[in-house]
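Trainee: no FASTA, just this:
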């Protein structure tokens, strides 16, 4: 019994081999380390030597006892001096993100603006066209209504400023700044300085001699939808999309305006007020009193606007909530448990009396297709899906953007090719045609002696404003 | 991007800090008022992000307008009213004026060194409810003052009320550093201390939230909390991953850490007072200037203050 009973954990040959291998590895590492250090030291020494030489040179070239800096530098301990640069060479190129940091400063006074003309009075204040006397730009000035003095600056106005500031998108009107009245001891007059655009879609649709072409409707709808998609991707609900809140520039650019109803939302949606969106553009779930809604309410309004652009008249013009709902049901059909599960549980739906679908088979389906006979089937499909009674089956703004309707002929018209119209807000009048007649047959008249010196003097006789001819393409 | 970045104060704005007052006194005003806002936020049961935004707006307002333009507690109330109004959790002016009346009535009540003791029954017993009763007339004048200051604040800020807070960023950073998976029991403590450091920095008269972006604040808070709790951070310069330079980190770590000393200094200067007022500041400045005695001018100022307050 010279050998102890072999433990399962005792060393055997295999372990020894492993040990040896580990040792070898360690040694290799050590060697590598030593080598590295040696190189570093060599470099340090070289650097030191170089420095010394440099210092010597400097010292010699100066020959001045006052230049004590070189000698001081020589006294520094070499490893610190020399090793630093090498390490830093490895680590320095870290690229750090730098954030934009705008400052804040006091509001400018509204006295810096020269009022040109009033545009309209909206639900939250009135708007006028004005010229910035400092910058020379023409802008739209929107005055906030200070209705409830006991709450200070109205929350709707603050929300509008907050959401507009957070947005930067070509199809959303830009808030340039906020200015206040001259007397700053009491802040009562607050004005938003916004982009000035020549038209709002509502006035334009009312005054246009003919409705938009399909290609133009597509351009407008695409711009509107990309604005809405931007808002929704930033968790903002507009809650008051309608044609009078959509502005159009003379270059065919559409911008969403009036964020007085807008607010941030979240998923799952917080409890929100149902008293939003102008009646004609209000979705059935809002009319039925839901308190948890989401971006689909904006999509319903989008569908209403789509229909309005096609026919030039608002799609569903109810006089009150009840008539609005009945108009909706006669256009989009009667909801059933199958098409809109759980709609019966909405607050206002319990007392709802609906005709049984068996009674009048024609009334339970959507009649959108029949109402717009000139729309292609994909277009009708898009409109029908936006105006789906069940909010869950409406497409998202992004899905609308990707819809087949915008890819088929006629293609959306380029904004550069968009027709222009005389702007009511810009005080423009339709230009009356005073083009001269074509020359008749006969002998050409000679000019004779004419004085051209007054050519540039008669500017006053030129037509005021205008410059935009009605062009139908 | 706006969720990650803040507008920052310009060098001019920081330099022109009301030069009529000694810097230390300015620091006192900033610290005491921010602490008052924080206490009011708790009593109003506001989520901390709203209280924090209110304190950032308070400091932003004070780099534009003069510190002594309005009573400090009124400015604090106005910022908290404004911030809550545009959030999802608005508070009525009635609640706010009541809470401020309560906080200002008995200085050692909720703003004392041990706020925990005041929340239980014993602490409340000592306070006379009459001292924080708000009559209808006082309510209306207070409300009008707050509303007026609200307008002044909005005007001074150019209506920029956006505040990005570092708190959510800090939690994301901790997750990125994988502490919740690795640091066993200490991870929760680390996260708690991080958030506490961020809330502490809100009270700092160095106005760190006005000079540094949320990313840097979050990084510095994590650094401090990790050092305290002993959670091991990576050996490399991990702060660079979060876009914070070593130098900036060092500055913020010192800045955040210095608040403790400042609180002690303030305690010695102002005693057990829960909140300071413009009158107290005027007297203190007089004292610092060698006056020492309350003279006529201060007395008139006090009378005028009372008149405004009535």
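Mentor: Cool, got the structure. Just so we're clear, the structure is a prediction, and the values are computed from it rather than from any experiment. Residues are numbered from 1 along each chain as shown, chains lettered A, B, ... in the order given.
Trainee: Now do stretch A:260-268: everything it contacts.
Mentor: Contacting residues not belonging to stretch A:260-268 are listed as A:122-124, A:156-157, A:159-160, A:163, A:231, A:235-240, A:272, A:276-277, A:292, A:294-295, B:88 [C-beta atoms under 8 Å, 6 or more residues apart in numbering or on different chains]. Every residue, glycine included, has its C-beta placed from N, CA and C.
Trainee: Contact partners for the closest residue to chain B within the stretch 151-300 of chain A?
Mentor: Residue nearest to chain B within the stretch 151-300 of chain A (C-beta to the nearest C-beta): residue A:187, separated by 2.9 Å. Applying C-beta under 8 Å, 6+ apart, one finds that residue A:187 lies in contact with A:153, A:180-181, B:148, B:150-152, B:154-155.
Trainee: Residue B:236: which of these is nearest?
Mentor: Nearest to residue B:236, judged by C-beta to C-beta, of the contacts of residue A:187 is residue B:154 at 45.0 Å.
Trainee: can you pull up the bridge partners for the residue nearest to residue A:107 when sequence neighbours are not counted?
Mentor: Nearest non-adjacent residue to residue A:107, counting by C-beta to C-beta, 6 or more residues apart in numbering or on different chains: residue A:180, 4.7 Å away. Listed by DSSP bridges, the beta-bridge partners for residue A:180 are residue A:109, residue A:190.
Trainee: what about residue A:180, how many neighbours?
Mentor: 22 (other C-beta atoms under 10 Å in any protein chain shown).
Trainee: Does it touch residue B:157 like I think?
Mentor: No: Residue A:180 lies out of contact with residue B:157 (C-beta atoms under 8 Å); the separation is 11.7 Å.
Trainee: So, low pLDDT: which residues of the chain?
Mentor: Chain wasn't specified; assuming chain A. Along chain A, segments meeting pLDDT under 70 span A:1-18, A:20, A:42-94, A:121-125, A:148-149, A:355-365, A:429-473.
Trainee: let's do chain B instead
Mentor: Chain B contains residues with pLDDT under 70 at B:1, B:17-19, B:106-127, B:183-184, B:291-304, B:306-310.
Trainee: Pop the domain breakdown of it in here.
Mentor: Using automatic domain parsing, the domain parsing of chain B gives B:22-163, B:167-260.
Trainee: returning to that earlier point: which among the contacts of stretch A:260-268 end up buried?
Mentor: Among the contacts of stretch A:260-268, the ones that count as buried by 16 or more other C-beta atoms under 10 Å in any protein chain shown are A:122, A:124, A:156-157, A:159-160, A:163, A:231, A:236-240, A:272, A:276-277, A:294-295.
Trainee: Is stretch A:235-250 positioned near chain B?
Mentor: No: when contact is scored as C-beta under 8 Å from any C-beta of the partner chain, no part of stretch A:235-250 falls within range of chain B; the minimum is 10.2 Å.
Trainee: any idea how far that stretch is from the chain center?
Mentor: Computed by C-alpha atoms, centre = their mean, to the nearest Å, the chain-centroid distance of stretch A:235-250 equals 12 Å.
Trainee: now swap in stretch B:14-32 and tell me
Mentor: With C-alpha atoms, centre = their mean as the basis, stretch B:14-32 stands 14 Å off its chain's centre.
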